[in-house]
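using only what follows, build the 3D model:
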Amino acid sequence: MNKPLTPHGPGFSFVDGFTPGGTGGGTAWKYLAPESPFFADHFPGAPVMPAVLLAECAAQAAGTVWMHASGHEPGTPLFLASIERFRVKSGVAPGATVRTEVETMRQMGKLAQFEVHCFVDDAEVAAGHLVLSMDNHSASDRSEKADRAPSQSPTAP
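Reported below is the predicted structural model:
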């Protein structure tokens, strides 16, 4: 039996396969079975993949690239720390295969930023930048520190 490419269970895995690309890059794909539960209610009679799951698909692809490039064990848990400039250009229907092309933009310790492009056939359906973390607390620690920082606004005398 092949080891899963992501740490997710079969009901939430959005990577069926992966091909490494150049340094810090690669391509992942996911077939969207028409019987996937999210299609039943989003939207009845005109099903489309929820945009947030398209972003998750891209994040899992980026995580697979990072694990491969860094030599970590496939399926190592990573955490989505930030979604930046992610744009959905078109809906994705049941029965489609989403191909996600990933390039590592930079790595900053336990964080890494990726450029992702999602395609169905040759049409780009979404693209943007994502930040992943090897530590579930990296993103929340930064925001807590920012919240504790002294105010820079002037005070009245």
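
tell me, what residue is most central in the chain?
For the chain, Ala59 is the residue whose C-alpha lies nearest the centre (Cα atoms, centre = their mean; 1.0 Å).

tell me which helix or strand that residue sits in.
helix 51-70 (DSSP states H and E).

buried residues in that helix, which are they?
51, 53-69 (16 or more other Cβ atoms under 10 Å). C-beta here means a position set from N, CA and C on the backbone, and glycine is covered the same way.

which secondary structure elements does whichever helix or strand comes after it sit against?
Going down the chain from helix 51-70, the next helix or strand is strand 79-88, by DSSP H and E. Of the remaining helices and strands, those touching strand 79-88 by 3 or more Cβ pairs under 8 Å, 6 or more residues apart in numbering; DSSP states H and E are helix 51-70, strand 111-120, strand 123-133, helix 138-148.

so where's the protein uncertain?
Scanning the chain for pLDDT under 70 picks out 1-2, 137-157.

re earlier: got the helices and strands packed on strand 79-88 as CSV, with distance to Ala93 columns?
Below are those laid out as CSV (distance: least, Cβ to Cβ, whole Å):
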stretch, distance to Ala93
helix 51-70, 12
strand 111-120, 8
strand 123-133, 10
helix 138-148, 33
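
what's the spacing between Val88 and Val125?
7 Å (Cβ to Cβ, to the nearest Å).

ok, those two, which is more surrounded?
When Val88 and Val125 are compared for neighbours, Val125 comes out ahead with 22 against 17, by other Cβ atoms under 10 Å.
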